[in-house]
Every structure is written in C-alpha cells, then in structure tokens.
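> only geometry, no sequence info:
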C-alpha cells in the first residue's frame with residue numbers, strides 16, 4: 001500500500017509538485033487508520049489528496065493519503081440525506097440525488113471533491129437560500145491525527161472544528177449530508193463585452209441589483225480576460241468578458257433578472273429554466289487540469305469605487321490573466337451554525353485567480369487585495385489556492401485559539417499540519 005505511482009500524485013492543480021516519500025492509495029477507513037498510524041510511528045507529516053482542486057502548495061516528503069478510490073455515494077430519499085465517501089466528486093452526488101428530486105449543496109465545478117469542499121465551508125450555487133454546505137452535515141467519520149477512527153455528530157467539539165477547519169484535525173473518510181428538494185431552477189449567465197460596456201459599469205449595476213433580490217436568489221459577478229487562442233469559442237477569443245451568473249429556485253426568475261439586461265448589449269445569454277443536473281453550465285468552470293494561484297476576501301460591503309480600481313488593475317492590460325469573481329453573500333449564509341465557518345456577517349466575497357509562479361502571483365494579487373483591506377473581514381480556506389501555510393485572516397482570534405487546542409488534543413504529534421485535502 002505504501003507505493004508511489006504517477007496516477008496517485010496527479011491532481012487537477014498542475015502548478016505544485018507532489019513528491020511524498022510514501023503514497024497510501026486508500027480504499028477503506030481501515031486503510032486510512034493504517035496510513036495515519038504508520039505516519040505517526042515513522043514521525044512523518046501527513047497530506048491528503050482527493051481531486052486536487054484546492055491545493056495550498058507543493059508537497060515534499062512525508063506521507064500522502066490518496067482518497068480518490070473511496071468513491072461510494074448512498075442516497076436515502078426518505079431522510080433526504082446522502083452518505084459520501086472521501087474521494088467522491090460533486091457530479092456523482094448530483095447524479096445520485098437527481099432521480100429522487102433532490103440536490104446537494106454543491107459548488108459550481110462538478111469535478112471538485114465533495115468532502116474537502118464541505119470541510120472548508122462550501123459556498124454553493126444555491127448558498128443564499130440554503131446556507132453553507134457545512135451547515136447541512138449530519139455526521140462525519142474521521143481518523144484523527146492520533147490514529148483513532150471516530151464517528152462525530154453535532155454537539156461535539158470535533159463536529160464544530162472539522163466543519164470549517166477539518167483539514168487541520170484529521171482525515172475525514174465519510175460524510176452524511178442533508179439534501180434539498182430542488183428538481184429544477186432558473187439560472188445561467190449574462191455576458192457583456194467588458195471593453196465596450198466597462199466592467200465598472202456592470203459592477204455598479206450589479207451591486208444595485210443585489211439590493212433588490214430575494215434571499216432565494218444566489219448570484220455572482222465575474223470578469224475574465226480571455227486569451228486569443230484557437231481552442232476557445234469565437235465569441236470569447238481575445239475578449240474581456242464581464243458576466244453575471246444566477247441561480248434561483250423561484251418561478252419569477254425572468255422578471256428578477258430583467259434589470260440586468262438593461263446594462264448594455266449582451267454577448268451571450270444562457271439564462272433559462274433547467275433541471276438541476278444542468279446547473280454546472282451556469283458557471284461552466286474549466287474541467288481540464290491547469291496551474292493557478294488565488295485568494296479571497298470577505299467584505300462587509302461592496303465598495304464599488306475600490307473594487308472598480310481593482311478591476312482596472314487586474315484587467316486585460318495588466319500583463320497577466322487574472323480572473324475576478326464576486327459572490328453575493330447574505331441570506332441563509334448569515335445564519336449562525338455550530339461550526340467554524342467564519343465571517344457570516346459578510347456581504348460579498350471577492351476571489352482572484354491567476355496563473356504563473358507563486359511569487360509572480362503574489363506580486364499581482366497582494367496589492368489588489370490591499371485595496372480592499374478597509375472593508376475586508378478575512379479570507380476563506382476554500383479559495384486559498386497556492387497560499388501555502390498562510391493562515392492569517394482565515395479565522396478570528398477566538399476560533400483560531402480554540403482550533404489550536406483541538407489540534408493539540410486530537411493530533412498531538414502535529415502530523416496533519418501539512419494536510420492538503422482537496
């Protein structure tokens with residue numbers, strides 16, 4: 001079981017090398033126990049890999065636990081729950097729940113690992129209506145850093161710590177999650193030519209529009225400077241595309257989005273009624289492995305002037321491709337829950353993504369996020385791509401202190417400090 005193979009260390013994120021001393025391609029909770037205990041006996045740090053979307057950095061040495069073979073999903077339609085193993089991708093859960101008219105609280109990319117996404121909080125396409133994915137976890141099965149398998153339910157300190165900070169406490173082998181009764185939705189994207197309309201104009205209109213929508217509507221703003229490559233569709237090649245993406249379970253979606261169509265000429269309009277199984281088309285995230293760095297800032301409000309300057313600095317003339325995404329928060333996301341997911345008072349989340357090397361990315365991203373510091377509450381662990389060991393801003397001081405106490409109790413040898421569960 002302690003063999004290194006190319007397949008086990010290959011991930012969606014191609015920008016960081018994974019060079020562990022040992023690879024454990026686990027297929028059961030018992031395998032995970034054996035891997036963690038081996039690491040403890042050998043005094044080797046432990047990293048965890050599912051799909052590799054959210055890697056915080058490279059892995060050199062130690063033990064890598066690959067969970068991709070643990071891919072079972074079991075839906076209980078009566079209880080509206082699903083049991084999801086550690087290597088399951090969201091596309092599998094969506095497909096398993098669809099026949100029963102149910103849906104998970106998945107994110108925009110179907111290839112992301114369901115468990116690690118949820119442990120980081122999980123900001124999904126229906127988040128304003130239903131809250132974070134972590135808020136709907138019924139139970140967790142986990143092997144803590146001391147090598148013990150545990151079944152965890154609400155009310156325990158591990159339940160609180162794992163959901164939002166789980167990558168620091170153990171290797172979660174399975175979740176039981178709640179499903180929601182959603183069969184269809186109104187969703188899609190309105191895309192504008194950023195050079196013709198101006199990203200700041202779209203941003204201002206979007207911010208004003210978010211003040212009017214119900215909490216059952218979840219949306220985001222995006223600005224993407226596409227390169228002029230033959231592989232891209234003709235309508236995207238070389239364009240600076242600014243778009244608004246929408247997901248809504250109500251019946252009056254067309255009326256709610258009508259003000260957005262007044263912003264200016266539309267490049268593409270994919271807004272429509274759709275089965276939930278097609279919700280992946282709302283964002284159409286790239287499904288091919290590539291290299292990227294990114295970070296985020298939760299904002300107390302959307303300062304249009306500051307974010308407008310950020311858009312100008314990260315636009316098509318900045319010398320690198322930077323993707324800007326702004327998620328509208330609030331609604332059910334503001335409700336308190338017994339987990340560590342922070343900054344529930346936040347009104348918007350700004351995410352920046354770019355390619356290149358780590359130093360080049362930081363030179364570009366750090367000044368951009370500095371613009372937002374007067375209205376920034378903190379960062380989110382789900383979107384700290386390539387941030388390495390940077391933990392500042394992920395939690396408030398009290399939460400950080402409590403998590404550190406849990407780490408010392410359940411991972412006394414600090415095996416899991418380098419975990420890259422993704």
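Yes, it's here. Model, not experiment: these values are computed from the prediction.

> and stretch 248-262, how far from the chain's centre?
Chain-centre distance of stretch 248-262: 26 Å, with C-alpha atoms, centre = their mean, to the nearest Å.

> actually stretch 143-161, not the one I wrote
Mean-position distance between stretch 143-161 and its chain equals 22 Å (C-alpha atoms, centre = their mean).

> what do you get for stretch 9-19?
18 Å.

> so where does residue 264 fall, helix or strand?
For residue 264, there is no enclosing helix or strand under DSSP states H and E.

> show me what contacts the residue nearest to it when sequence neighbours are not counted?
With sequence-adjacent residues excluded and distances taken as C-beta to C-beta, 6 or more residues apart in numbering, residue 264 is closest to residue 197, at 4.0 Å. To be clear about C-beta, it is placed using only N, CA and C from the backbone, and glycine gets the same treatment. Counting by C-beta atoms under 8 Å, 6 or more residues apart in numbering, residue 197 makes contact with 242, 263-265.

> Now do the helices for the stretch 1-150 of the chain: every range, in order, please.
29-42, 90-97, 114-119, 127-130 (DSSP state H, counting those that start in this stretch).

> Let me have these in a markdown table, extended by mean neighbour count, mean pLDDT and distance to residue 371.
Formatted as a markdown table, the helices of the stretch 1-150 of the chain follow (neighbours: other C-beta atoms under 10 Å; pLDDT from 0 to 100; distance: least, C-beta to C-beta, whole Å):
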| stretch | mean neighbour count | mean pLDDT | distance to residue 371 |
| --- | --- | --- | --- |
| helix 29-42 | 18 | 96 | 42 |
| helix 90-97 | 21 | 98 | 32 |
| helix 114-119 | 29 | 95 | 28 |
| helix 127-130 | 24 | 98 | 25 |
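
> Please tabulate the ones you listed in a markdown table, including the columns distance to residue 309.
Listed next are the helices of the stretch 1-150 of the chain as a markdown table, based on distance: least, C-beta to C-beta, whole Å:
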| stretch | distance to residue 309 |
| --- | --- |
| helix 29-42 | 47 |
| helix 90-97 | 35 |
| helix 114-119 | 31 |
| helix 127-130 | 27 |
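
> Quick one: closest of these to residue 385.
Nearest to residue 385, of all those, is helix 114-119, at 12.9 Å by C-beta to C-beta.

> Against which helices or strands is that closest one packed?
On a contact count with 3 or more C-beta pairs under 8 Å, 6 or more residues apart in numbering; DSSP states H and E, helix 114-119 meets strand 81-85, helix 90-97, helix 157-165, strand 170-178.

> closest one to residue 219 among those?
helix 90-97 (19.6 Å).

> Now do that closest one and strand 81-85, the angle between them.
Here helix 90-97 runs at an angle of 140 degrees relative to strand 81-85 (axes from the mean of the first three to the mean of the last three C-alpha atoms, to 10 degrees).

> Skipping its backbone neighbours, what lies nearest residue 227 in space?
Sequence neighbours aside, residue 321 is the residue nearest to residue 227 in space, at 6.6 Å (criterion: C-beta to C-beta, 6+ apart).

> That neighbour reaches residue 352, doesn't it?
No: in this structure residue 321 lies outside contact range of residue 352 using C-beta atoms under 8 Å: 11.1 Å.

> Looking at these two now, which is surrounded by more residues?
Ranked by neighbour count (other C-beta atoms under 10 Å), residue 321 and residue 352 place residue 352 first, with 23 against 16.

> since we're on residue 218, how many residues are nearby?
Counted with other C-beta under 10 Å, residues neighbouring residue 218 total 29.

> Would you mind giving the secondary structure of it?
Here residue 218 takes the strand state, with states given by DSSP: H, G, I helix; E, B strand; the rest coil.

> surely residue 202 meets residue 222?
No: using C-beta under 8 Å, residue 202 is not in contact with residue 222; the gap is 9.9 Å.

> Overlap of the contact sets of these two?
242, 244.

> Give me the more crowded residue out of the two.
Ranked by neighbour count (other C-beta under 10 Å), residue 202 and residue 222 place residue 202 first, with 24 against 20.

> Mind listing the residues bridging to the closest residue to that one other than its chain neighbours?
Closest residue to residue 202 apart from its sequence neighbours, by C-beta to C-beta, 6+ apart: residue 242 at 4.7 Å. In this entry, residue 242 is beta-bridged to residue 192, residue 223, by DSSP bridges.

> thinking again about what came up before, ok, the residue nearest to residue 227 - contacts?
Residues counted as contacts of residue 321 (C-beta under 8 Å, 6+ apart) are 225, 227, 354-355.

> most neighbours, which of these?
residue 354 (24 neighbours).

> mind listing what that one touches?
Contact criterion C-beta under 8 Å, 6+ apart gives 292-294, 320-323, 361, 364-365 as the residues in contact with residue 354.

> If we use 10 Å, what do you get?
291-295, 314, 318, 320-324, 360-362, 364-365, 368, 385-386 (C-beta atoms under 10 Å, 6 or more residues apart in numbering).

> Roughly how far does the closest residue to residue 80 other than its chain neighbours sit from residue 399?
Closest residue in space to residue 80, ignoring its immediate chain neighbours: residue 179 at 4.7 Å, by C-beta to C-beta, 6+ apart. Per C-beta to C-beta, to the nearest Å, residue 179 is found 28 Å from residue 399.

> Comparing these two, which residue is more hemmed in?
Between residue 179 and residue 399, counted using other C-beta under 10 Å, residue 179 has the larger neighbour count: 22 against 17.

> There's contact between the more buried one and residue 99 in this structure, I believe.
No: in this structure residue 179 lies outside contact range of residue 99 using C-beta atoms under 10 Å: 11.8 Å.

> Find residues that contact each of the two.
75, 77.

> one step back: could you tell me how many residues sit around the residue nearest to residue 202?
Residue 242 has 31 neighbouring residues, counting by other C-beta under 10 Å.

> Please tell me how far the closest residue to residue 381 other than its chain neighbours sits from residue 354.
The shortest distance from residue 381 to any non-neighbouring residue, by C-beta to C-beta, 6+ apart, is to residue 120 (4.6 Å). The spacing between residue 120 and residue 354, counted by C-beta to C-beta, is 20 Å.

> which residues does the nearest residue to residue 134 once chain neighbours are set aside contact?
Computed as C-beta to C-beta, 6+ apart, the closest residue to residue 134 that is not its neighbour in sequence is residue 163, at 4.1 Å. Taking C-beta under 10 Å, 6+ apart as the criterion, residue 163 is in contact with 118-122, 132-137, 140, 152, 154, 172, 175, 337-341.

> Would you mind measuring from residue 163 to residue 46?
As judged by C-beta to C-beta, residue 163 and residue 46 stand 20 Å apart.
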